[in-house]
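K.L.:
Structure, please.
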Amino acid sequence: MVRNTGSPPVADAPRPWQMLLLATIGFTLCFWAWALLAPLGPRLRDDLGLSSFEQSLVVAVPVVVGALGRIPAGALTDRLGARRVFPFVAALTILPVLYLGHLADSLAEVLAGGFLLGLGGTAFAVGVPFVNAWYPPARRGVALGIFGIGTGGTALSAFTTVQLADAVGRAFPFDLVAGFLAVYAVVSWFLLRDRPGRATAAGSMRTRTALAMRTPATWQLAFLYAVAFGGFVAFSVYLPTYLTRAYELGRSDAALRTAGFVVLAVAMRPVGGWLSDRIHPVPVLAVSYGLVSACALVAAFEAELVPVGTAAFLGMAAGLGAGSGAVFALVARLVPAERVGSVTGVVGAAGGLGGFFPPLVMGAVDSIAHDYTWGFVLLAVTATAAGTLAATAVRRRARATADA
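P.N.:
Sure, this is the predicted structure:
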């Protein structure tokens, strides 16, 4: 059952681009906070005497919690609207940020703070239904792609956290992010507005989440996003290690090349959304996954890094970024407006969790075979499966939805 709780549009209603800008800024800041611990992993290992597993656990906890937390956050947004949920998420994220910056000085305390820091990662599931409601179907792809630029908050953390901690003090990056979040929570409370007349779903959060999970399209979209965004997250985390091991690059050189990968992938996300609006998400997805598969096979041979290897990695970045943008353009076409938040929560969780499997696989392959070839072959096979799914079952579902 769907009910309309909004008021009729008025002449002085906020403009969609203003709401998109506010949502993108909030998403960027929340993701910046979400990723604060990862760059400090080596320092925490030395300061707290952590093992490699404990260091990995510190980095993993906020990401896993943030990914799974998107499920209730999306359902809550369907019910209450981003006008309330977005400032709430930003404000609550301040608490673990300050705790980690000033009070946490043991493994247990850092893990507890990291658990709560996962709140920042839920902002994705708040913003997608919000932006989706403000734009007509013909423009949702590019709008959601622009919103997806907020994933660049992880790059902000990677490029600034260690440098600021070294230059000013260990707590300064946390204080800086907490200050930005506080300003955003106040500003968004006064300026953020849900679209007048937006459709909201009735029923409990549990009921709406269960309904989203029973929807066949949800799991197809979840798989597609797990490959696209999960691949982006995996390369963001593991590419520096790969480049230093396979090509014997220095840490700074590997980090710089990884930065290029991240920037291109983030920039291609709105391009994927724009192409989806102009053509259709399905062919964009098929081509994107095809590009990832082909480039992964090239990378499997560990050709010279310049120019062949670099071109292969940048090709994968372009495909993963465009594919991520196209997935949520497809969500807007396949999912009723009142269920976008709930479905986005499940799909977003799949994308976040998908980023953890490839690094584990690559590490296991290297440990067993002392070679990365089969890791890239598995990526090529997975991307081919995603492209095939998009071109067959998802295409049929999109046609059936359009004809309904």
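K.L.:
what comes up buried for stretch 261-273?
P.N.:
261-262, 264-273 (16 or more other C-beta atoms under 10 Å). To be clear about C-beta, it is placed using only N, CA and C from the backbone, and glycine gets the same treatment.
K.L.:
How far off centre is stretch 377-395?
P.N.:
Chain-centre distance of stretch 377-395: 20 Å, with C-alpha atoms, centre = their mean, to the nearest Å.
K.L.:
Dump it to CSV, restricted to CA.
P.N.:
Provided in CSV are the C-alpha atoms of stretch 377-395 (Å, rounded to 0.1, in the frame of the first residue of the first chain):
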residue,chain,number,x,y,z
VAL,A,377,41.1,-14.7,-15.0
LEU,A,378,38.5,-15.1,-12.2
LEU,A,379,37.7,-11.4,-12.5
ALA,A,380,37.3,-11.8,-16.3
VAL,A,381,35.0,-14.8,-15.8
THR,A,382,32.9,-12.9,-13.2
ALA,A,383,32.6,-9.8,-15.4
THR,A,384,31.6,-11.9,-18.3
ALA,A,385,28.8,-13.5,-16.2
ALA,A,386,27.6,-10.1,-15.1
GLY,A,387,27.5,-8.9,-18.7
THR,A,388,25.7,-12.0,-19.8
LEU,A,389,23.1,-11.6,-17.0
ALA,A,390,22.5,-7.9,-18.0
ALA,A,391,22.2,-8.8,-21.7
THR,A,392,19.7,-11.6,-21.1
ALA,A,393,17.6,-11.9,-18.0
VAL,A,394,17.9,-8.3,-17.0
ARG,A,395,17.1,-7.1,-20.5
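K.L.:
residues in contact with it?
P.N.:
Applying C-beta atoms under 8 Å, 6 or more residues apart in numbering, the contact partners of stretch 377-395 are 220, 223-224, 227-228, 231, 282, 285-286, 288-290, 292-294, 296-297, 300, 319, 323, 330, 358, 361, 365.
K.L.:
buried ones in stretch 246-264?
P.N.:
249, 254-255, 257-259, 261-262, 264.
K.L.:
Any chance of the buried residues of stretch 261-273 in CSV with distance to residue 388, pLDDT and secondary structure as columns?
P.N.:
Formatted as CSV, those follow (distance: C-beta to C-beta, whole Å; pLDDT from 0 to 100; DSSP: H, G, I helix; E, B strand; the rest coil):
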residue, distance to residue 388, pLDDT, secondary structure
261, 25, 89, helix
262, 27, 85, helix
264, 25, 92, helix
265, 22, 92, helix
266, 26, 89, helix
267, 27, 91, helix
268, 22, 94, helix
269, 23, 92, helix
270, 26, 93, helix
271, 23, 95, helix
272, 18, 94, helix
273, 22, 92, helix
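K.L.:
Now distance to residue 89 too, for the residues you listed, in a markdown table please.
P.N.:
A markdown table is the format used below for the buried residues of stretch 261-273 (distance: C-beta to C-beta, whole Å):
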| residue | distance to residue 89 |
| --- | --- |
| 261 | 28 |
| 262 | 23 |
| 264 | 28 |
| 265 | 24 |
| 266 | 21 |
| 267 | 26 |
| 268 | 27 |
| 269 | 21 |
| 270 | 23 |
| 271 | 28 |
| 272 | 26 |
| 273 | 23 |
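K.L.:
Identify, from the residues you listed, the entry nearest to residue 63.
P.N.:
Residue 63 has its nearest neighbour among the buried residues of stretch 261-273 in residue 262, at 15.5 Å by C-beta to C-beta.
K.L.:
Skip the chain neighbours and tell me the closest residue to that closest one.
P.N.:
Residue nearest to residue 262 in three dimensions, not counting chain neighbours: residue 155, with 4.8 Å by C-beta to C-beta, 6 or more residues apart in numbering.
K.L.:
Was I right to think that neighbour contacts residue 259?
P.N.:
Yes: contact criterion C-beta atoms under 8 Å: residue 155 and residue 259 qualify, at 6.8 Å.
K.L.:
Which helix or strand contains residue 177?
P.N.:
Assigned by DSSP states H and E, residue 177 falls within helix 172-191.
K.L.:
Report the buried residues of that helix.
P.N.:
173-178, 180-182, 184-185, 188.
K.L.:
Lovely, talk soon.
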